[in-house]
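After the sequence you'll find the predicted model.
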Amino acid sequence: MPRLKRVAIIGAGPSGLVTAKTLLHSFPHGTFSPTIFEKSHRIGGLWPSEPSITGHGATTASRGLISPSMRTNLSRFSVAFSDLAWESVLGDADADAEVPVFPQAWQVGRYLEKYAERYIPDGVLRLGAEVVQTDRGVAVDGLRAGWTVRWVERSVDGDCGKDAVKSEQFDYLVVTSGYFAKPHFPDIPGLDRFGDNVVHSTELQSPEDVQRLIDRSGSSGPGGKLVVVGGSMSGVEAASTLALHLSSLNLSPGQSGRDYEVHHVCSRPFWTIPTYLPHSYSQGTSQAQTKDTPFLPLDLVLYDLGRRPPGPIEHGFGPPSTQQIGKINGYFSSLLGEDYTRTGSFGITNPNPKLTSTSTPTPTPTPQPPWVAIGDDYAEYVRAGSITVTIGRVSNIHTDPDPDTSKTNLPSLTITLPQTQTNPTSHPPKPSPTSPP
């Protein structure tokens, strides 16, 4: 009888849970014996399972990197496993509860807990076990080399003893600790000099967070700049969060956003698309006969196989060609329309000059493939002037005297534009929330 293969899995997030479930349920009984090591005392990885932050004074470490109220950027039809329906998760708490099309982060956490409860035996999970080292063994007599996994047990408050390192042997190792498990700051010259003026986007989860950000600037007068460095999803969400909460502060009694400006610096062209998109049915279908244009969750539109051109699927390698980039931009232009394209695309070289964004600098000779971010509000904040977009790369952070107050030691950015020109900010920015570039 074949020997049971032991598998060490690092991380009890979505990938770790699915890996263990697959090993247990997709192979003959007794083939694999998985063990999941999770350094925290709950499963789910980044996804919280409680609907609200416990106290606005809670630190990012204690409350997690994701706001519980954040909604998924894909619908529940995609943010799900094929063997667990959303209705069986949220329906337990309230039989009349309707599953939202875009679940909140805490609901995703509950979904993962239900998944583990259904498919992962208790003996597989080792919560509070932080892996500190893994070593690959040496193959002997043609046998596959195994792994030595060393870990320490962490208490609920995160303490662990250095002398309490334990070890165990495994046949296989699967690392599912997650790409976004640690906040990342870009390696910008001079950034480390302004630690008090820099926060990560994960620290912007509530209006109180934004107020603390403003208070950290140390400015007693009105006005200032909040700069978001980094594109794609995190940058768009951080800029939108700042614009929303600054507007709320300006309208709240006894509070004031003090006329702060939000600037968003992104190194690549990008589109921001809303969560619902117009969908055109293929010719010859019964739905194509209707004159109405339905709006569906964006993933149902973008993943529609009816859009696929005829012929075999061709796999591409390397950077996309100029023609491919033009097709991508042309598709989004036709999908979103002329008005939205003017405020929802940035740095895009568009084949139709009428659809070029007013915020777009002179196109580069060789277009870059665009990023795609998802957000219902970002384009409208740009239209209203609440967010100013610059396509370029922050190449340096230094100090310049404030031209209005003659203060020194305030951070100022030097931005390298696509045309290789540089554009130092006209006024030193105040605290800069950052996100991965």
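Cool, the structure landed. Not measured: the values here are computed from a predicted model.

residue ranges of the strands in the stretch 51-200 of the chain, please?
Secondary structure of the stretch 51-200 of the chain by DSSP state E, counting those that start in this stretch: the strands cover 125-127, 129-136, 147-153, 166-170, 172-175, 198-200.

Report the strands that pair with the fourth one, each with its relative direction.
Each strand that strand 166-170 pairs with, and the sense of that pairing, follows from DSSP bridges: strand 147-153 (antiparallel).

So what touches the strand it pairs with?
For strand 147-153, the external contacting residues (Cβ atoms under 8 Å, 6 or more residues apart in numbering) are 8, 37, 126, 128-137, 160-162, 164-173. C-beta here means a position set from N, CA and C on the backbone, and glycine is covered the same way.

Just the buried residues out of those, in ChimeraX syntax.
Buried residues among the contacts of strand 147-153 (16 or more other Cβ atoms under 10 Å), as a ChimeraX selection:
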select :8,37,126,128,129,130,131,134,160,170,171,173
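
re the thing from before, of the strands of the stretch 51-200 of the chain, give the one that comes closest to D304.
strand 172-175 (33.0 Å; Cβ to Cβ).

for that closest one, packing partners?
Judged by 3 or more Cβ pairs under 8 Å, 6 or more residues apart in numbering; DSSP states H and E, the packing partners of strand 172-175 are strand 5-10, strand 147-153.

deepest of the ones you listed, which one?
Sort the helices and strands packed on strand 172-175 by mean neighbour count, taking mean count of other Cβ atoms under 10 Å, and strand 5-10 sits at the top with a mean of 22.

between it and strand 147-153, how many degrees?
50 degrees (axes from the mean of the first three to the mean of the last three Cα atoms, to 10 degrees).

angle of strand 5-10 against strand 129-136?
Using the same axes, to 10 degrees: strand 5-10 against strand 129-136 is 120 degrees.

And strand 5-10, what does it pack against?
Contacts defined by 3+ Cβ pairs under 8 Å, 6+ apart place strand 5-10 against helix 14-25, strand 32-38, strand 129-136, strand 166-170, strand 172-175.

So for the shortest one, mean pLDDT?
Mean per-residue pLDDT for strand 172-175: 97.

go on, the first one?
Mean pLDDT, computed over helix 14-25, is 97.

residue ranges with poor pLDDT in the stretch 101-250 of the chain?
142, 158-163, 217-222 (pLDDT under 70).

ranges for the helices of it?
105-119, 207-215, 232-251 (DSSP state H, counting those that start in this stretch).

give the contact list for R42.
Contacts for R42 were tallied using Cβ under 8 Å, 6+ apart; they are S49, L127.

Make sure it is indeed in a helix.
No. Counting by DSSP: H, G, I helix; E, B strand; the rest coil, R42 falls outside a helix, being coil.
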